[in-house]
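Show me the folded form of this:
(4 chains)
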2 protein chains.
Amino acid sequence: MARARSTEETRRGEIVDAALRLILKNGFHNTTLDQVAVQAKVSKGLVSYYFPKKDELFLAVLQLMIERLRSDLESAYRAHLPARERLRLNFRNLFDNGKRTRQYYTVLIDFLGQALRERAVQGYTEVIYETVLTYVEWTITDGIRSGEFQEVDAHKVACMVVGMMEGLVLQWLFSRDSVELGDAYAMCERLVDDLLTIPPTNGSAAVQVGDAAPSDTVVSAAAR
Amino acid sequence: MARARSTEETRRGEIVDAALRLILKNGFHNTTLDQVAVQAKVSKGLVSYYFPKKDELFLAVLQLMIERLRSDLESAYRAHLPARERLRLNFRNLFDNGKRTRQYYTVLIDFLGQALRERAVQGYTEVIYETVLTYVEWTITDGIRSGEFQEVDAHKVACMVVGMMEGLVLQWLFSRDSVELGDAYAMCERLVDDLLTIPPTNGSAAVQVGDAAPSDTVVSAAAR
DNA sequence: TTCTTCTCTGAACGGTCGGTCAGTCTGAAG
DNA sequence: CTTCAGACTGACCGACCGTTCAGAGAAGAA
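From the prediction side, this is the model:
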(Lines give C-alpha, C1' and ligand atoms only; values in the text may rest on other atoms or scores of the structure.)
Protein backbone atom coordinates (compact mmCIF):
# COMPACT_ATOMS: atom_id res chain seq x y z
CA MET A 1 0.00 0.00 0.00
CA ALA A 2 1.63 3.05 -1.26
CA ARG A 3 0.93 6.19 0.68
CA ALA A 4 -0.60 9.33 -0.70
CA ARG A 5 1.53 10.64 -3.50
CA SER A 6 2.92 14.06 -3.61
CA THR A 7 4.97 16.17 -5.90
CA GLU A 8 8.59 15.41 -6.37
CA GLU A 9 9.55 18.84 -5.07
CA THR A 10 7.70 18.35 -1.80
CA ARG A 11 9.08 14.90 -1.11
CA ARG A 12 12.63 15.90 -1.82
CA GLY A 13 12.26 18.81 0.53
CA GLU A 14 10.85 16.63 3.29
CA ILE A 15 13.70 14.18 2.97
CA VAL A 16 16.37 16.85 2.94
CA ASP A 17 14.82 18.48 5.97
CA ALA A 18 14.78 15.20 7.82
CA ALA A 19 18.40 14.57 6.92
CA LEU A 20 19.42 18.02 8.13
CA ARG A 21 17.72 17.51 11.45
CA LEU A 22 19.47 14.18 11.93
CA ILE A 23 22.88 15.46 10.91
CA LEU A 24 22.42 18.22 13.42
CA LYS A 25 21.85 15.70 16.16
CA ASN A 26 24.13 12.84 15.23
CA GLY A 27 26.59 14.13 12.70
CA PHE A 28 27.16 13.29 9.11
CA HIS A 29 28.65 9.86 9.51
CA ASN A 30 26.28 8.61 12.14
CA THR A 31 23.21 9.40 10.13
CA THR A 32 21.86 6.40 8.23
CA LEU A 33 19.35 6.24 5.44
CA ASP A 34 17.11 4.23 7.73
CA GLN A 35 16.99 7.07 10.19
CA VAL A 36 16.34 9.58 7.48
CA ALA A 37 13.49 7.47 6.17
CA VAL A 38 11.91 7.17 9.62
CA GLN A 39 12.35 10.87 10.37
CA ALA A 40 10.81 11.81 7.02
CA LYS A 41 8.04 9.23 7.55
CA VAL A 42 8.88 7.57 4.31
CA SER A 43 10.14 4.18 3.29
CA LYS A 44 13.81 3.51 3.04
CA GLY A 45 13.45 2.77 -0.62
CA LEU A 46 12.03 6.17 -1.37
CA VAL A 47 15.05 7.94 -0.03
CA SER A 48 17.17 6.03 -2.50
CA TYR A 49 14.58 6.71 -5.16
CA TYR A 50 15.09 10.46 -4.90
CA PHE A 51 18.75 10.35 -3.94
CA PRO A 52 20.31 7.27 -5.54
CA LYS A 53 23.55 7.79 -3.65
CA LYS A 54 23.84 8.83 -0.03
CA ASP A 55 26.29 11.51 -1.03
CA GLU A 56 23.72 13.19 -3.23
CA LEU A 57 21.38 13.53 -0.30
CA PHE A 58 24.03 15.12 1.84
CA LEU A 59 25.10 17.51 -0.85
CA ALA A 60 21.48 18.58 -1.08
CA VAL A 61 21.55 19.26 2.66
CA LEU A 62 24.66 21.34 2.22
CA GLN A 63 23.04 23.28 -0.57
CA LEU A 64 20.06 24.00 1.65
CA MET A 65 22.35 25.39 4.31
CA ILE A 66 24.19 27.55 1.83
CA GLU A 67 20.96 28.97 0.54
CA ARG A 68 19.79 29.87 4.03
CA LEU A 69 23.11 31.47 4.82
CA ARG A 70 23.10 33.48 1.63
CA SER A 71 19.60 34.69 2.25
CA ASP A 72 20.52 35.84 5.75
CA LEU A 73 23.50 37.75 4.46
CA GLU A 74 21.52 39.17 1.59
CA SER A 75 18.81 40.59 3.80
CA ALA A 76 21.37 42.17 6.10
CA TYR A 77 23.10 43.64 3.09
CA ARG A 78 19.89 45.02 1.64
CA ALA A 79 18.81 46.67 4.86
CA HIS A 80 18.50 50.42 4.59
CA LEU A 81 21.12 51.16 7.17
CA PRO A 82 24.57 52.68 7.38
CA ALA A 83 27.34 50.24 6.55
CA ARG A 84 28.45 50.20 10.18
CA GLU A 85 25.00 49.08 11.24
CA ARG A 86 24.89 46.41 8.58
CA LEU A 87 28.12 44.94 9.85
CA ARG A 88 26.66 44.99 13.31
CA LEU A 89 23.70 43.08 11.93
CA ASN A 90 26.04 40.37 10.72
CA PHE A 91 27.60 40.13 14.14
CA ARG A 92 24.21 39.87 15.77
CA ASN A 93 23.19 37.14 13.37
CA LEU A 94 26.13 35.16 14.59
CA PHE A 95 26.38 36.03 18.25
CA ASP A 96 22.84 36.74 19.41
CA ASN A 97 21.41 33.30 19.03
CA GLY A 98 23.75 30.77 20.53
CA LYS A 99 21.63 27.75 19.77
CA ARG A 100 21.31 28.66 16.12
CA THR A 101 24.99 29.34 15.74
CA ARG A 102 25.86 26.13 17.45
CA GLN A 103 23.63 24.19 15.11
CA TYR A 104 25.00 25.88 12.05
CA TYR A 105 28.59 25.20 12.97
CA THR A 106 27.85 21.67 14.05
CA VAL A 107 26.86 20.83 10.53
CA LEU A 108 29.41 23.08 8.89
CA ILE A 109 32.33 21.45 10.66
CA ASP A 110 31.14 18.05 9.57
CA PHE A 111 31.15 19.16 5.99
CA LEU A 112 34.47 20.95 6.29
CA GLY A 113 35.98 17.68 7.42
CA GLN A 114 34.60 16.04 4.31
CA ALA A 115 35.72 18.85 2.08
CA LEU A 116 39.35 18.31 2.95
CA ARG A 117 39.21 14.92 1.30
CA GLU A 118 36.39 14.75 -1.18
CA ARG A 119 36.42 16.86 -4.24
CA ALA A 120 32.66 16.95 -4.52
CA VAL A 121 32.28 18.79 -1.23
CA GLN A 122 35.15 21.18 -1.82
CA GLY A 123 33.26 23.36 -4.25
CA TYR A 124 30.46 23.82 -1.77
CA THR A 125 32.58 24.91 1.15
CA GLU A 126 34.36 27.32 -1.12
CA VAL A 127 31.03 28.87 -1.93
CA ILE A 128 30.28 29.23 1.75
CA TYR A 129 33.45 31.13 2.52
CA GLU A 130 33.32 33.23 -0.58
CA THR A 131 29.72 34.15 0.04
CA VAL A 132 30.37 35.39 3.52
CA LEU A 133 33.51 37.26 2.52
CA THR A 134 31.83 38.85 -0.47
CA TYR A 135 28.92 40.31 1.44
CA VAL A 136 31.16 41.70 4.14
CA GLU A 137 33.51 43.13 1.55
CA TRP A 138 30.65 44.77 -0.30
CA THR A 139 29.39 46.34 2.88
CA ILE A 140 32.81 47.71 3.66
CA THR A 141 33.17 49.07 0.16
CA ASP A 142 29.81 50.77 0.53
CA GLY A 143 30.95 52.32 3.78
CA ILE A 144 34.08 53.65 2.17
CA ARG A 145 32.18 55.12 -0.75
CA SER A 146 29.77 56.87 1.52
CA GLY A 147 32.60 58.31 3.55
CA GLU A 148 31.59 56.35 6.60
CA PHE A 149 34.77 54.27 6.74
CA GLN A 150 38.41 54.95 6.18
CA GLU A 151 39.85 54.07 2.82
CA VAL A 152 41.15 50.60 3.41
CA ASP A 153 41.72 47.49 1.38
CA ALA A 154 38.19 46.19 1.64
CA HIS A 155 39.10 42.63 0.81
CA LYS A 156 41.79 42.33 3.45
CA VAL A 157 39.71 43.94 6.12
CA ALA A 158 36.82 41.65 5.24
CA CYS A 159 39.12 38.68 5.71
CA MET A 160 40.21 39.93 9.08
CA VAL A 161 36.70 40.62 10.28
CA VAL A 162 35.30 37.33 9.07
CA GLY A 163 38.34 35.53 10.40
CA MET A 164 37.85 36.90 13.86
CA MET A 165 34.14 36.18 13.79
CA GLU A 166 34.66 32.55 12.97
CA GLY A 167 37.68 32.15 15.18
CA LEU A 168 35.78 33.43 18.16
CA VAL A 169 32.81 31.23 17.45
CA LEU A 170 35.10 28.23 17.47
CA GLN A 171 36.56 29.26 20.78
CA TRP A 172 33.11 29.64 22.20
CA LEU A 173 32.02 26.30 20.83
CA PHE A 174 34.97 24.34 22.06
CA SER A 175 36.10 26.15 25.12
CA ARG A 176 33.10 27.81 26.66
CA ASP A 177 35.13 28.98 29.62
CA SER A 178 37.31 31.15 27.43
CA VAL A 179 34.82 33.25 25.55
CA GLU A 180 31.19 34.14 25.81
CA LEU A 181 29.15 35.21 22.86
CA GLY A 182 28.68 38.66 24.30
CA ASP A 183 32.41 39.12 24.57
CA ALA A 184 32.92 37.81 21.08
CA TYR A 185 30.44 40.33 19.79
CA ALA A 186 32.22 43.16 21.56
CA MET A 187 35.57 42.06 20.19
CA CYS A 188 34.32 42.12 16.63
CA GLU A 189 32.80 45.51 17.18
CA ARG A 190 36.07 46.73 18.49
CA LEU A 191 37.98 45.36 15.51
CA VAL A 192 35.70 47.21 13.14
CA ASP A 193 36.11 50.40 15.09
CA ASP A 194 39.85 50.02 15.00
CA LEU A 195 40.12 49.20 11.35
CA LEU A 196 37.35 51.13 9.72
CA THR A 197 35.84 53.88 11.75
CA ILE A 198 37.16 57.31 11.03
CA PRO A 199 38.59 58.76 14.22
CA PRO A 200 36.66 61.61 15.79
CA THR A 201 37.19 64.72 13.77
CA ASN A 202 40.45 66.29 14.71
CA GLY A 203 42.91 68.05 12.59
CA SER A 204 44.74 64.77 12.57
CA ALA A 205 46.20 63.25 9.46
CA ALA A 206 44.39 60.61 7.51
CA VAL A 207 45.26 57.14 8.53
CA GLN A 208 46.16 54.83 5.73
CA VAL A 209 45.21 51.42 6.76
CA GLY A 210 45.27 48.57 4.39
CA ASP A 211 48.09 46.39 3.76
CA ALA A 212 51.37 46.15 2.08
CA ALA A 213 53.83 43.91 3.73
CA PRO A 214 54.29 44.13 7.43
CA SER A 215 55.96 47.47 6.93
CA ASP A 216 53.48 50.31 7.12
CA THR A 217 50.68 48.20 8.50
CA VAL A 218 48.48 49.39 11.17
CA VAL A 219 48.87 52.76 12.46
CA SER A 220 46.61 52.69 15.38
CA ALA A 221 44.79 55.92 15.34
CA ALA A 222 46.78 58.08 17.60
CA ALA A 223 43.98 60.17 18.87
CA ARG A 224 45.17 63.56 18.09
CA MET B 1 54.53 -17.27 14.18
CA ALA B 2 54.53 -14.34 16.46
CA ARG B 3 56.86 -11.59 15.45
CA ALA B 4 59.67 -10.23 17.53
CA ARG B 5 58.30 -8.87 20.74
CA SER B 6 58.82 -5.42 21.93
CA THR B 7 57.89 -3.32 24.87
CA GLU B 8 54.34 -2.25 25.33
CA GLU B 9 55.35 1.40 25.11
CA THR B 10 56.99 0.98 21.73
CA ARG B 11 54.14 -0.94 20.18
CA ARG B 12 51.53 1.47 21.38
CA GLY B 13 53.53 4.30 19.91
CA GLU B 14 53.86 2.58 16.57
CA ILE B 15 50.17 1.91 16.37
CA VAL B 16 49.22 5.44 17.33
CA ASP B 17 51.66 6.81 14.77
CA ALA B 18 50.20 4.62 12.08
CA ALA B 19 46.70 5.71 13.01
CA LEU B 20 47.68 9.36 12.90
CA ARG B 21 49.18 9.01 9.46
CA LEU B 22 46.04 7.33 8.17
CA ILE B 23 43.67 9.81 9.74
CA LEU B 24 45.68 12.53 8.10
CA LYS B 25 45.13 10.95 4.72
CA ASN B 26 41.65 9.54 4.97
CA GLY B 27 39.98 11.11 7.92
CA PHE B 28 38.75 9.75 11.17
CA HIS B 29 35.77 7.79 9.92
CA ASN B 30 37.40 6.33 6.88
CA THR B 31 40.24 4.83 8.83
CA THR B 32 39.69 1.18 9.69
CA LEU B 33 41.48 -0.99 12.19
CA ASP B 34 42.61 -3.16 9.29
CA GLN B 35 44.38 -0.24 7.70
CA VAL B 36 45.97 0.75 10.96
CA ALA B 37 47.24 -2.77 11.43
CA VAL B 38 48.74 -2.87 7.95
CA GLN B 39 50.30 0.56 8.28
CA ALA B 40 51.80 -0.37 11.65
CA LYS B 41 52.92 -3.73 10.25
CA VAL B 42 51.07 -5.57 12.94
CA SER B 43 48.17 -7.94 13.01
CA LYS B 44 44.68 -6.67 13.35
CA GLY B 45 44.30 -8.51 16.60
CA LEU B 46 47.16 -6.65 18.17
CA VAL B 47 45.56 -3.31 17.56
CA SER B 48 42.56 -4.47 19.53
CA TYR B 49 44.89 -5.96 22.08
CA TYR B 50 46.33 -2.57 22.94
CA PHE B 51 43.24 -0.52 22.23
CA PRO B 52 40.19 -2.66 22.99
CA LYS B 53 37.86 -0.06 21.52
CA LYS B 54 38.49 1.93 18.38
CA ASP B 55 37.65 5.09 20.28
CA GLU B 56 40.50 4.52 22.67
CA LEU B 57 42.95 4.40 19.81
CA PHE B 58 41.69 7.65 18.39
CA LEU B 59 41.76 9.40 21.71
CA ALA B 60 45.39 8.36 21.97
CA VAL B 61 45.99 9.96 18.58
CA LEU B 62 44.35 13.14 19.78
CA GLN B 63 46.50 13.11 22.89
CA LEU B 64 49.61 12.79 20.75
CA MET B 65 48.58 15.81 18.74
CA ILE B 66 47.91 17.83 21.85
CA GLU B 67 51.30 16.98 23.24
CA ARG B 68 53.03 18.08 20.03
CA LEU B 69 51.08 21.29 19.97
CA ARG B 70 51.87 22.04 23.56
CA SER B 71 55.53 21.40 23.04
CA ASP B 72 55.61 23.78 20.06
CA LEU B 73 53.93 26.49 22.05
CA GLU B 74 56.14 25.85 25.03
CA SER B 75 59.35 26.23 23.08
CA ALA B 76 58.14 29.45 21.51
CA TYR B 77 57.19 30.70 24.94
CA ARG B 78 60.51 29.78 26.47
CA ALA B 79 62.54 31.47 23.75
CA HIS B 80 64.69 34.29 25.03
CA LEU B 81 63.02 36.95 22.95
CA PRO B 82 60.87 39.99 23.45
CA ALA B 83 57.20 39.20 23.77
CA ARG B 84 56.50 40.75 20.39
CA GLU B 85 58.95 38.34 18.79
CA ARG B 86 57.51 35.40 20.58
CA LEU B 87 54.08 36.19 19.20
CA ARG B 88 55.64 36.44 15.79
CA LEU B 89 57.07 32.98 16.36
CA ASN B 90 53.60 31.65 16.95
CA PHE B 91 52.41 33.19 13.73
CA ARG B 92 55.30 31.71 11.83
CA ASN B 93 54.58 28.29 13.30
CA LEU B 94 51.14 28.52 11.81
CA PHE B 95 51.68 30.36 8.56
CA ASP B 96 55.14 29.46 7.37
CA ASN B 97 54.58 25.81 6.67
CA GLY B 98 51.40 25.35 4.73
CA LYS B 99 51.60 21.61 4.48
CA ARG B 100 52.07 21.18 8.19
CA THR B 101 49.23 23.51 9.03
CA ARG B 102 46.98 21.82 6.56
CA GLN B 103 47.72 18.46 8.11
CA TYR B 104 47.16 19.69 11.61
CA TYR B 105 43.82 21.24 10.82
CA THR B 106 42.72 18.28 8.77
CA VAL B 107 42.87 16.14 11.85
CA LEU B 108 41.70 18.82 14.22
CA ILE B 109 38.51 19.45 12.30
CA ASP B 110 37.71 15.78 12.34
CA PHE B 111 37.99 15.72 16.07
CA LEU B 112 36.08 18.95 16.51
CA GLY B 113 33.22 17.36 14.65
CA GLN B 114 33.32 14.48 17.08
CA ALA B 115 33.61 16.72 20.07
CA LEU B 116 30.28 18.38 19.38
CA ARG B 117 28.55 15.09 20.01
CA GLU B 118 30.69 12.84 22.12
CA ARG B 119 31.49 13.70 25.64
CA ALA B 120 34.75 11.79 25.63
CA VAL B 121 36.26 14.00 22.96
CA GLN B 122 34.97 17.24 24.41
CA GLY B 123 37.52 17.38 27.16
CA TYR B 124 40.35 17.00 24.71
CA THR B 125 39.33 19.78 22.37
CA GLU B 126 38.85 22.02 25.34
CA VAL B 127 42.44 21.35 26.30
CA ILE B 128 43.56 22.29 22.81
CA TYR B 129 41.87 25.67 22.84
CA GLU B 130 42.81 26.45 26.38
CA THR B 131 46.43 25.53 25.77
CA VAL B 132 46.78 27.84 22.82
CA LEU B 133 44.97 30.67 24.55
CA THR B 134 46.97 30.28 27.70
CA TYR B 135 50.37 30.52 26.05
CA VAL B 136 49.37 33.55 24.03
CA GLU B 137 47.89 35.18 27.08
CA TRP B 138 51.04 34.55 29.09
CA THR B 139 53.17 36.06 26.38
CA ILE B 140 51.00 39.13 26.28
CA THR B 141 51.12 39.45 30.04
CA ASP B 142 54.90 39.21 29.88
CA GLY B 143 54.97 41.97 27.31
CA ILE B 144 52.83 44.19 29.45
CA ARG B 145 54.96 43.59 32.51
CA SER B 146 58.11 44.43 30.60
CA GLY B 147 56.57 47.62 29.30
CA GLU B 148 56.67 46.34 25.76
CA PHE B 149 52.90 46.32 25.31
CA GLN B 150 50.10 48.56 26.31
CA GLU B 151 48.16 47.64 29.42
CA VAL B 152 45.32 45.67 28.00
CA ASP B 153 43.08 42.86 29.13
CA ALA B 154 45.47 40.06 28.22
CA HIS B 155 42.80 37.40 28.10
CA LYS B 156 40.55 39.25 25.71
CA VAL B 157 43.37 40.26 23.43
CA ALA B 158 44.60 36.67 23.39
CA CYS B 159 41.16 35.56 22.31
CA MET B 160 41.12 38.09 19.52
CA VAL B 161 44.55 37.17 18.28
CA VAL B 162 43.98 33.44 18.41
CA GLY B 163 40.57 33.92 16.90
CA MET B 164 41.94 35.73 13.91
CA MET B 165 44.75 33.23 13.50
CA GLU B 166 42.39 30.32 13.31
CA GLY B 167 39.77 32.14 11.33
CA LEU B 168 42.30 33.03 8.67
CA VAL B 169 43.65 29.53 8.51
CA LEU B 170 40.15 28.27 7.85
CA GLN B 171 39.67 30.77 5.07
CA TRP B 172 42.94 29.71 3.56
CA LEU B 173 42.05 26.05 3.85
CA PHE B 174 38.60 26.31 2.38
CA SER B 175 38.82 29.19 0.00
CA ARG B 176 42.35 29.43 -1.23
CA ASP B 177 41.46 32.25 -3.58
CA SER B 178 40.53 34.52 -0.72
CA VAL B 179 43.60 34.44 1.46
CA GLU B 180 47.17 33.38 1.17
CA LEU B 181 49.22 32.39 4.15
CA GLY B 182 51.52 35.35 3.69
CA ASP B 183 48.59 37.73 3.84
CA ALA B 184 47.21 35.96 6.86
CA TYR B 185 50.53 36.39 8.60
CA ALA B 186 50.58 40.09 7.81
CA MET B 187 47.06 40.51 9.10
CA CYS B 188 47.86 38.93 12.44
CA GLU B 189 50.95 41.06 12.74
CA ARG B 190 48.86 44.07 12.08
CA LEU B 191 46.29 43.11 14.68
CA VAL B 192 48.98 42.79 17.31
CA ASP B 193 50.42 46.15 16.38
CA ASP B 194 47.01 47.71 16.66
CA LEU B 195 46.07 46.17 19.94
CA LEU B 196 49.33 45.90 21.81
CA THR B 197 52.16 47.97 20.51
CA ILE B 198 52.67 51.25 22.25
CA PRO B 199 52.24 54.01 19.69
CA PRO B 200 55.33 56.08 18.89
CA THR B 201 55.94 58.48 21.71
CA ASN B 202 53.79 61.53 21.30
CA GLY B 203 52.30 63.66 23.91
CA SER B 204 49.04 62.12 22.81
CA ALA B 205 46.14 61.39 25.05
CA ALA B 206 44.91 58.02 26.12
CA VAL B 207 43.00 56.03 23.60
CA GLN B 208 39.82 54.46 24.85
CA VAL B 209 39.33 51.40 22.85
CA GLY B 210 36.96 48.56 23.40
CA ASP B 211 33.55 49.65 24.38
CA ALA B 212 30.80 49.85 26.78
CA ALA B 213 28.97 46.58 26.77
CA PRO B 214 30.97 44.38 29.08
CA SER B 215 32.13 47.53 30.79
CA ASP B 216 35.77 47.29 31.67
CA THR B 217 37.04 45.19 28.76
CA VAL B 218 40.04 46.31 26.90
CA VAL B 219 41.34 49.61 27.96
CA SER B 220 44.27 50.40 25.84
CA ALA B 221 46.96 51.93 27.91
CA ALA B 222 47.30 55.59 28.24
CA ALA B 223 50.73 55.77 26.79
CA ARG B 224 51.50 58.69 28.84
C1' DT C 1 -12.86 0.24 -17.60
C1' DT C 2 -8.18 -0.55 -18.99
C1' DC C 3 -3.60 0.96 -19.69
C1' DT C 4 0.31 3.51 -18.54
C1' DT C 5 3.27 6.04 -15.79
C1' DC C 6 5.19 7.36 -11.79
C1' DT C 7 5.43 7.23 -6.67
C1' DC C 8 6.22 4.32 -3.08
C1' DT C 9 7.19 0.08 -0.23
C1' DG C 10 9.93 -3.22 2.44
C1' DA C 11 12.32 -7.46 2.17
C1' DA C 12 16.60 -8.99 0.81
C1' DC C 13 21.48 -8.77 -0.61
C1' DG C 14 26.25 -8.03 -0.34
C1' DG C 15 30.02 -5.74 1.48
C1' DT C 16 32.43 -3.71 5.30
C1' DC C 17 34.22 -3.37 9.73
C1' DG C 18 34.81 -3.61 14.79
C1' DG C 19 35.53 -6.93 17.96
C1' DT C 20 36.47 -11.88 19.56
C1' DC C 21 38.98 -15.97 20.32
C1' DA C 22 41.59 -20.18 20.14
C1' DG C 23 45.91 -20.92 19.70
C1' DT C 24 51.12 -19.86 18.53
C1' DC C 25 55.50 -18.01 19.61
C1' DT C 26 59.06 -15.80 22.65
C1' DG C 27 61.76 -14.68 26.43
C1' DA C 28 62.60 -14.92 31.09
C1' DA C 29 62.24 -17.21 35.54
C1' DG C 30 62.83 -21.27 38.25
C1' DC D 1 65.68 -28.24 30.79
C1' DT D 2 60.47 -26.96 31.93
C1' DT D 3 57.09 -23.63 32.93
C1' DC D 4 54.63 -19.58 32.55
C1' DA D 5 53.11 -14.95 31.30
C1' DG D 6 51.95 -12.28 27.96
C1' DA D 7 52.87 -10.47 23.15
C1' DC D 8 51.07 -11.67 18.93
C1' DT D 9 48.34 -13.80 14.98
C1' DG D 10 44.54 -14.23 11.67
C1' DA D 11 40.35 -16.54 10.79
C1' DC D 12 35.85 -15.76 12.00
C1' DC D 13 31.42 -13.74 13.57
C1' DG D 14 27.70 -10.69 13.89
C1' DA D 15 25.91 -6.24 13.23
C1' DC D 16 25.20 -2.55 10.44
C1' DC D 17 24.19 -0.09 6.31
C1' DG D 18 23.90 1.43 1.47
C1' DT D 19 21.78 -0.20 -2.43
C1' DT D 20 18.70 -3.10 -5.28
C1' DC D 21 14.50 -4.97 -6.80
C1' DA D 22 9.98 -6.91 -7.66
C1' DG D 23 5.89 -5.47 -7.14
C1' DA D 24 1.85 -2.62 -5.05
C1' DG D 25 -0.95 1.44 -5.16
C1' DA D 26 -2.57 5.89 -7.21
C1' DA D 27 -3.71 9.14 -10.73
C1' DG D 28 -4.49 10.50 -15.22
C1' DA D 29 -5.31 9.34 -20.24
C1' DA D 30 -7.91 6.93 -23.56
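
Which elements pack onto the helix or strand where A:Gly123 lies?
With elements taken from DSSP states H and E, the one containing A:Gly123 is helix A:119-145. Under the contact criterion of 3 or more Cβ pairs under 8 Å, 6 or more residues apart in numbering or on different chains; DSSP states H and E, the helices and strands touching helix A:119-145 comprise helix A:54-78, helix A:83-95, helix A:98-115, helix A:154-174, helix B:154-174. Any C-beta I mention is one placed from the backbone N, CA and C, and that applies to glycine too.

isn't A:Ile140 right next to A:Leu195, touching?
No: the pair A:Ile140 and A:Leu195 fails to qualify as a contact (Cβ atoms under 8 Å) at a distance of 9.1 Å.

out of the two, which sits in the more crowded spot?
Between A:Ile140 and A:Leu195, A:Ile140 has the larger neighbour count (other Cβ atoms under 10 Å in any protein chain shown), namely 27 against 23.

ok, now how distant is the closest residue to that one other than its chain neighbours from A:Phe91?
Taking Cβ to Cβ, 6 or more residues apart in numbering or on different chains as the measure, A:Ile140 lies nearest to A:Ala154, with 4.4 Å between them; neighbours along the chain are not counted. Going from A:Ala154 to A:Phe91 by Cβ to Cβ, to the nearest Å gives 17 Å.

Find the residues that touch each one of A:Ile140 and A:Leu195.
Common neighbours of A:Ile140 and A:Leu195 are listed as A:152, A:157, A:161 (criterion: Cβ atoms under 8 Å, 6 or more residues apart in numbering or on different chains).

I'd like these laid out as CSV, including neighbour count, pLDDT and distance to A:Ser71.
Compiled in CSV, the shared contacts of A:Ile140 and A:Leu195 are given as follows (neighbours: other Cβ atoms under 10 Å in any protein chain shown; pLDDT from 0 to 100; distance: Cβ to Cβ, whole Å):
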residue, neighbour count, pLDDT, distance to A:Ser71
A:Val152, 21, 96, 28
A:Val157, 25, 98, 24
A:Val161, 26, 98, 20
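
does stretch A:173-188 come close to chain B?
Yes: Stretch A:173-188 is in contact with chain B by Cβ under 8 Å from any Cβ of the partner chain, via A:173-175, A:177-179, A:182-187.

now that we have those, which one has the most neighbours?
So for the residues of stretch A:173-188 next to chain B (other Cβ under 10 Å), the most neighbours sit at A:Met187, 28 neighbours.

ok, which of the shared contacts of A:Ile140 and A:Leu195 also contact DNA strand C?
Restricting the shared contacts of A:Ile140 and A:Leu195 to those touching DNA strand C (Cβ under 7 Å from any atom of the strand) yields no residues.

between those, which is closest to DNA strand C?
For DNA strand C, the nearest member of the shared contacts of A:Ile140 and A:Leu195 is A:Val161. The distance, counting by Cβ to the nearest atom of the strand, is 40.7 Å.

could you list every residue that touches that closest one?
Here A:Val161 is in contact with A:87, A:136, A:140, A:188, A:191-192, A:195 (criterion: Cβ under 8 Å, 6+ apart).

Give me the PyMOL select line for those residues, limited to the buried ones.
One line in PyMOL is enough to select the buried members of those, burial here meaning 16 or more other Cβ atoms under 10 Å in any protein chain shown:
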select buried, chain A and resi 87+136+140+188+191+192+195
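
quick one: which two of the contacts of A:Val161 are the most distant?
A:Ile140 and A:Cys188 (13.4 Å; Cβ to Cβ).

Stretch A:109-129 vs DNA strand C: in contact?
No: in this structure, stretch A:109-129 remains apart from DNA strand C according to Cβ under 7 Å from any atom of the strand; the gap is never smaller than 14.0 Å.

State the mean pLDDT of that stretch.
For stretch A:109-129, the mean per-residue pLDDT is 93.

Kindly report the same for stretch A:75-83.
The predicted model gives stretch A:75-83 an average pLDDT of 97.

how about that stretch: buried residues?
A:76-77, A:83.

now swap in stretch A:23-35 and tell me
Using 16+ other Cβ under 10 Å as the test for burial, stretch A:23-35 gives A:23-24, A:27-29, A:31, A:33, A:35.

and if you look at stretch A:137-154?
For stretch A:137-154, a neighbour-count test (16+ other Cβ under 10 Å) marks A:137-144, A:148-150, A:152-154 as buried.

In a markdown table: these, plus distance to B:Asp96.
Listed next are those as a markdown table, based on distance: Cβ to Cβ, whole Å:
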| residue | distance to B:Asp96 |
| --- | --- |
| A:Glu137 | 27 |
| A:Trp138 | 32 |
| A:Thr139 | 32 |
| A:Ile140 | 29 |
| A:Thr141 | 31 |
| A:Asp142 | 35 |
| A:Gly143 | 33 |
| A:Ile144 | 32 |
| A:Glu148 | 37 |
| A:Phe149 | 32 |
| A:Gln150 | 30 |
| A:Val152 | 26 |
| A:Asp153 | 23 |
| A:Ala154 | 27 |
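
Pull the distance from stretch A:88-107 to the chain's centre.
The gap between the average C-alpha position of stretch A:88-107 and the chain average comes to 8 Å, counting by Cα atoms, centre = their mean, to the nearest Å.

What residues sit buried inside it?
Buried, per 16+ other Cβ under 10 Å, within stretch A:88-107: A:88-91, A:93-95, A:101, A:103-107.

nearest to chain B, of those residues?
Distance from chain B was checked for each of these by Cβ to the nearest Cβ. The minimum falls on A:Thr106, at 5.0 Å.

which ones are touching that closest one?
When contacts are taken as Cβ under 8 Å, 6+ apart, A:Thr106 is in contact with A:24, A:27, B:116-117.

Output the residue of chain A whose distance to DNA strand C is smallest.
Proximity to DNA strand C, evaluated over chain A using Cβ to the nearest atom of the strand, is greatest for A:Gly45 at 2.1 Å.

mind checking the SS state of that residue?
Assigned state for A:Gly45: helix (three-state reduction, DSSP: H, G, I helix; E, B strand; the rest coil).

circling back: a markdown table for the buried residues of stretch A:88-107, including distance to A:Leu64?
Output for these, formatted as a markdown table (distance: Cβ to Cβ, whole Å):
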| residue | distance to A:Leu64 |
| --- | --- |
| A:Arg88 | 27 |
| A:Leu89 | 22 |
| A:Asn90 | 21 |
| A:Phe91 | 24 |
| A:Asn93 | 18 |
| A:Leu94 | 19 |
| A:Phe95 | 23 |
| A:Thr101 | 17 |
| A:Gln103 | 13 |
| A:Tyr104 | 12 |
| A:Tyr105 | 16 |
| A:Thr106 | 15 |
| A:Val107 | 10 |
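
residue ranges with poor pLDDT in chain A?
For chain A, applying pLDDT under 70 flags the ranges A:1-6, A:201-224.

isn't A:Val132 right next to A:Leu69, touching?
Yes: with contact defined as Cβ under 8 Å, A:Val132 counts as touching A:Leu69 (7.4 Å).
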